[in-house]
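**Q** prediction below, plus the sequence it came from.
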Amino acid sequence: MCGRYFLHSTADTLTRLFGAMPMPLLAPRYNIAPTQPVPIVRENAAGRREMVLVRWGLIPAWSKGPDARFSMINARVETVAEKPAYRNALRYRRCLIPVDGFYEWRAAGAGKQPYALRARDGRPMALAGLWEHWQDAGGSEIESCAILVRDADRQVRPIHDRMPVIVAPESFALWLDTHSQKPEPLQTLLAVQQAPELEIYPVGRKVNSPQNDAPDLLDPAADAR
């Protein structure tokens, strides 16, 4: 599960990670939530990388449009190739989702304790994602995305049983390449977690509300249980 994340890296830092490309002006964000616009990195028709803003919460091209009953913010790697909502995007519309880290919640007594998870070296990371294009009869268009999730690795398992698929820089080209359609490397990418060593620590419960978005959301919690 990945239901919140944060991204505050500068454009220069993201360029060093993904390479030079067109990108929108990004403000630091510390509590990114579903349905909000988020940046993704994808290949355009010319095979060049670009960063664009899309809605977090995938809207299938064949659907009637956004539906509050279905969040579709995460796609499970175990079933993504079979689900009608995701299988075409998996084949033709893969993307990378830049993050500085993400949040997970662990059961703690009668409630849940939020934790921040980020690379121990402080560098941004890329999550495996899918994007989709939806258009209604009147011509209104929405581009949207979902984050791929898998079983948690040894680092995350004490906090949560699921985690996003983190793509190492040396695998960016493989994940974004939807032209060669090589199934074995793709299956390998999805099967092997490429997470760096993570720093994991409890944070305050202000992060529970998506209306809160400030740097102090990443401060360690003094009263964590």
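**A** Sure thing, it's come through.
**Q** hey, let's count contacts and neighbours off CA atoms from now on
**A** Will do.
**Q** what's the pLDDT at the nearest residue to Arg76 once chain neighbours are set aside?
**A** In space, and not counting its chain neighbours, Arg76 is closest to Val149: 5.1 Å by Cα to Cα, 6 or more residues apart in numbering. Listed pLDDT for Val149 reads 94.
**Q** name the element the residue lying farthest from the centre of the chain belongs to?
**A** Note on the chain: the largest C-alpha distance from the chain mean falls to Gly138, namely 30.0 Å (Cα atoms, centre = their mean). Assigned by DSSP states H and E, Gly138 falls within no helix or strand.
**Q** if I look at it, how far off is Glu132?
**A** 18 Å (Cα to Cα, to the nearest Å).
**Q** correct me, but Val156 touches Val165?
**A** No - Val156 lies out of contact with Val165 (Cα atoms under 8 Å); the separation is 11.9 Å.
**Q** and these two? Which one has more around it.
**A** Remark: of Val156 and Val165, Val165 carries more neighbours, 26 against 17, as counted by other Cα atoms under 10 Å.
**Q** which ones are touching the more buried one?
**A** 127-128, 147-150, 190, 193-195 (Cα atoms under 8 Å, 6 or more residues apart in numbering).
**Q** hmm, try it at 7 Å
**A** Contact analysis of Val165 by Cα atoms under 7 Å, 6 or more residues apart in numbering lists 127-128, 148-150, 193.
**Q** next structured bit after the helix or strand bottoming out on mean pLDDT in the chain?
**A** Within the chain, confidence by mean pLDDT, DSSP states H and E is lowest for helix 183-191 among all helices and strands, at a mean of 67. Per DSSP H and E, the first helix or strand lying C-terminal to helix 183-191 is strand 198-202.
**Q** what helices or strands is that next one leaning on?
**A** strand 111-119 (3 or more Cα pairs under 7 Å, 6 or more residues apart in numbering; DSSP states H and E).
**Q** show me the strands in this structure, by range?
**A** 4-7, 29-32, 37-43, 49-56, 74-76, 94-99, 101-108, 111-119, 125-135, 141-151, 162-164, 166-167, 198-202 (DSSP state E).
**Q** just list what the fifth one packs against, helices and strands only.
**A** Meaning strand 74-76. Strand 74-76 packs on strand 141-151, going by 3+ Cα pairs under 7 Å, 6+ apart.
**Q** what's the angle between the strand it packs on and strand 37-43?
**A** For strand 141-151 against strand 37-43, the angle by axes from the mean of the first three to the mean of the last three Cα atoms, to 10 degrees is 80 degrees.
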